[in-house]
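Novice: pasting the structure only:
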């Protein structure tokens, strides 16, 4: 927390790792874009939410550097993602039930 | 001094990047967005046909392009943080400038979408879907603007050589906020534009 604290090198990953993750996130977005063109269905919605969950977890863990954070904060963010995706999935299921 | 270094190197894997205050703010923002997402999803559950029909009027391509822009901006912000951490704040400030350009691109694309909607006479009172679509995306839009203001301040700071391995707090805090804005859009895009 102190401004004079020296941050360990590598706390924010490497440029090569960031490039790989960015590419994966772009591919995942293109996949979601494509899935949106099909007719709506429960399996498709689960797939779209699953991709969103994975993308969100990657942003939280690697871009926000929560991989190296105290477990409380990491779990709060990942828990938020899980909760929100589950809530949306549940509402979708309720809508077709 | 040597003891200090030893202590830090022994605990590199338990560190929150940025100020605790910004993380509490991020937590509050995420709770607000979760409430908004839940309200949208469960309202949709009882108006499925109406929501599906109105959603067809959205420009999904624009939503997807904006997702690509925010993800790219986030990756650029990470490159800037990595640069500052490696002691290259001045040289790597350009990554923040690239992120700012992507963020402005997001506002531009969203602005074109809003203009098209208003041309069609769409307003908050057009339908339940449009009330949600406009308020939810505009709430996020305001967060992108705030995120961009933060990035501009950080960019000026990096150009002035303010950040480095000994002083990352401000840069990491602002970067975390920007990533939160990205994170929220990663849910908003499939929820509002894709799922039907």
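Specialist: Perfect, thanks for sending it. Keep in mind the model is a prediction, meaning the values are calculated, not measured.
Novice: use CA for all of it now, contacts and neighbours both
Specialist: Will do.
Novice: Name the residues of stretch A:17-27 that come out as buried.
Specialist: For stretch A:17-27, a neighbour-count test (16 or more other Cα atoms under 10 Å in any protein chain shown) marks A:18, A:21-22, A:25-26 as buried.
Novice: can you tell me which of the residues you listed are in strands?
Specialist: Among the buried residues of stretch A:17-27, none falls in strands (DSSP state E).
Novice: just those that are near chain B?
Specialist: By Cα under 8 Å from any Cα of the partner chain, the members of the buried residues of stretch A:17-27 lying near chain B are A:18, A:22, A:25-26.
Novice: which among those gets closest to residue B:23?
Specialist: Taking Cα to Cα as the measure, residue B:23 lies nearest residue A:18 of those, at 22.2 Å.
Novice: Excluding chain neighbours, give the residue nearest to the closest one in space.
Specialist: Nearest residue to residue A:18, sequence neighbours excluded (Cα to Cα, 6 or more residues apart in numbering or on different chains): residue B:75, at 6.5 Å.
Novice: where along chain A do the helices fall?
Specialist: In chain A, the helices defined using DSSP state H lie at A:15-35, A:42-58, A:71-96.
Novice: tell me the contacts of the residue in chain B that chain A sits nearest to?
Specialist: At 3.9 Å from chain A, residue B:45 is the closest residue in chain B, using Cα to the nearest Cα. For residue B:45, the contact set (Cα atoms under 8 Å, 6 or more residues apart in numbering or on different chains) comprises A:91-92, A:94-96.
Novice: Who wins on neighbours among those residues?
Specialist: Counting neighbours by other Cα atoms under 10 Å in any protein chain shown, residue A:92 leads the contacts of residue B:45 with 24 neighbours.
Novice: low-confidence ranges in chain A?
Specialist: Low-confidence segments of chain A (pLDDT under 70): A:1-5.
Novice: The most centrally placed residue in it and chain B, how far apart?
Specialist: The residue lying closest to the centre of chain A (Cα atoms, centre = their mean) is residue A:56, at 1.3 Å. Distance from residue A:56 to chain B, counting by Cα to the nearest Cα, to the nearest Å: 6 Å.
Novice: isn't that residue right next to residue B:183, touching?
Specialist: Yes: assessed by Cα atoms under 8 Å, residue A:56 is found in contact with residue B:183 at 5.7 Å.
Novice: So for residue B:124, what's the nearest residue that isn't a sequence neighbour?
Specialist: Leaving aside its sequence neighbours, residue B:124 sits nearest to residue B:131 (Cα to Cα, 6+ apart; 4.3 Å).
Novice: where exactly do the helices run in chain B?
Specialist: Along chain B, counting by DSSP H, helices occupy B:2-10, B:20-45, B:48-55, B:60-85, B:89-119, B:128-159, B:169-188.
Novice: what sits against the residue in chain A that chain B sits nearest to?
Specialist: Nearest residue of chain A to chain B (Cα to the nearest Cα) works out as residue A:95 at 3.9 Å. Contacts were defined as Cα under 8 Å, 6+ apart; by that measure residue A:95 touches B:44-48.
Novice: With pLDDT as added columns, please give those in a markdown table.
Specialist: Below are these laid out as a markdown table (pLDDT from 0 to 100):
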| residue | pLDDT |
| --- | --- |
| B:44 | 97 |
| B:45 | 97 |
| B:46 | 96 |
| B:47 | 96 |
| B:48 | 96 |
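Novice: what's the closest of those to residue B:68?
Specialist: residue B:44 (26.2 Å).
Novice: Near the closest one, how many other residues are there?
Specialist: Neighbourhood size, residue B:44 [other Cα under 10 Å]: 22.
Novice: ok, now which ones touch it?
Specialist: With Cα under 8 Å, 6+ apart, residue B:44 has these contacts: A:91-92, A:95, B:51, B:129.
Novice: Any chance of those residues in a markdown table with distance to residue B:194 as columns?
Specialist: Compiled in a markdown table, these are given as follows (distance: Cα to Cα, whole Å):
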| residue | distance to residue B:194 |
| --- | --- |
| A:91 | 15 |
| A:92 | 12 |
| A:95 | 15 |
| B:51 | 12 |
| B:129 | 14 |
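Novice: could you list every residue that touches residue A:51?
Specialist: A:28, A:32.
Novice: shaky segments in chain B?
Specialist: B:1-13.
Novice: Ignoring the adjacent residues along the chain, who's closest to residue B:58?
Specialist: What sits nearest to residue B:58 in space, not counting adjacent residues and going by Cα to Cα, 6+ apart, is residue B:193, at 6.9 Å.
Novice: burial count for residue 40?
Specialist: In the absence of a named chain, chain A is used. Neighbour number of residue A:40 under other Cα under 10 Å is 14.
Novice: Please refer instead to chain B.
Specialist: There are 21 residues near residue B:40, going by other Cα under 10 Å.
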